[in-house]
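> When you get a sec, could you give me coordinates for this:
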Amino acid sequence: MADLHLYPLWTMNNHRFKTRRWFFSFFSFVVFAGLFYPLGSVLRFSSPFDFTTYDAVAKSQLSFLPPQQQPETTSHQRPRFAHVTLSYGEDICPPLTVTMNVRNVLNEHSKYAQQTDVIILRLGELIPPDLMPKGVQQRPIQETVMKGKFSGWKHTYSKFWIARMDEYGAVLFLDSDVLLYKDLDDLIDVALNLEEGSIVAPRAYWYKQQPTAMTGTFVIRPCRQHPPQGPLKLLHALLEENTTQEAFGLSEMDWFNHYLVHNITLVSGFYTLLTGEFYSHDGAYAYWQRQRNQTAALVLQDAPLIHFISRWKPW
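Purely as a prediction, here's the structure:
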């Protein structure tokens, strides 16, 4: 497991990151320390509903929902789940890296491991089957209409195809530059406690304007009703290219927030921890260290994942 986490950091493209080599040396050390530092039996987790912290709660006892509200598996619920990423272009390293990482974390830690499919949504030519990680599948998709003003992110709207995966009880999307350290069962549980057609997303905590959701990690509760209700209605319209909403902002995150943020469930931004937390020249530097009154090493130890923004990538 440790080899899986560290391999992408050791194989970074040096000429792209020459100016920040000192930072990655330090960051790799922190990641290494975070992975191998004894966790003990007591962990600290941030509440998904606010910025408070659960203190001295064992992982096995951690619950973000009151006992009477815990989701129960009934005959009318779909028992399976999916963790999904998006792939496009010639570089297939990102989706292979993230899905291999996700599959291993699920197998080692998740209570839903045997019920969860790990899927690459692929635009264009499929990835050769002999390169696919064990326990990972891929599905061909068509590109969606772009609703942003920056063509460099035109493909990213295709992540919203997960809204159509109604064979699953909940679908969790991860950008291909996310490195997972712990299972995200808590986000699945929150989604299962909501009605079909709901969306759960972390706060984009580095934005001054709130509420703002992050679309690099989010969960959709697919709706079997057609046409769907709630926020999924707009996503379905986008996929069918008959949406009347105008383009907004630069990316799918801007568009998503402009039209949907007030109709979704926001959880703690700790579920989308950025690499800028550990880089002193980044605007988000030490945000969670201050919020949680912890050192960088302890924040990393507790983090469920790290999102490698900008040019900082885990491959």
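> any idea where the strands of the stretch 101-250 of the chain begin and end?
All strands of the stretch 101-250 of the chain, identified by DSSP state E, counting those that start in this stretch, fall at 116-123, 136-141, 170-174, 178-180, 199-202, 217-220.
> Sketch out the low-pLDDT regions of the protein for me.
1-79, 145-153, 241-250 (pLDDT under 70).
> quick revisit: could you dump the strands of the stretch 101-250 of the chain to TSV with distance to Tyr157 and mean neighbour count?
Heads up, the C-betas are built off the backbone N, CA and C, glycines and all. Output for the strands of the stretch 101-250 of the chain, formatted as TSV (distance: least, Cβ to Cβ, whole Å; neighbours: other Cβ atoms under 10 Å):
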stretch	distance to Tyr157	mean neighbour count
strand 116-123	11	22
strand 136-141	11	16
strand 170-174	12	26
strand 178-180	18	23
strand 199-202	15	26
strand 217-220	14	27
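> Tell me which of the ones you listed sits nearest to Asn101.
Of all these, it is strand 178-180 that lies closest to Asn101, at 5.4 Å by Cβ to Cβ.
> Quick check: which helices or strands does that closest one pack against?
Here strand 178-180 touches helix 93-109, strand 305-307, going by 3 or more Cβ pairs under 8 Å, 6 or more residues apart in numbering; DSSP states H and E.
> Dump the strands of the stretch 101-250 of the chain to CSV, plus distance to Asp130.
CSV is the format used below for these (distance: least, Cβ to Cβ, whole Å):
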stretch, distance to Asp130
strand 116-123, 15
strand 136-141, 13
strand 170-174, 24
strand 178-180, 24
strand 199-202, 35
strand 217-220, 29
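> of all the ones you listed, which lies closest to Gly283?
Short answer: strand 199-202, nearest of the strands of the stretch 101-250 of the chain by Cβ to Cβ, at 17.3 Å.
> Report the backbone C-alpha coordinates of that closest one in CSV.
Output of strand 199-202 as CSV, limited to C-alpha atoms (Å, rounded to 0.1, in the frame of the first residue of the first chain):
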residue,chain,number,x,y,z
ILE,A,199,-25.7,15.6,-4.6
VAL,A,200,-23.0,15.7,-1.8
ALA,A,201,-19.9,17.8,-2.3
PRO,A,202,-17.1,19.2,-0.1
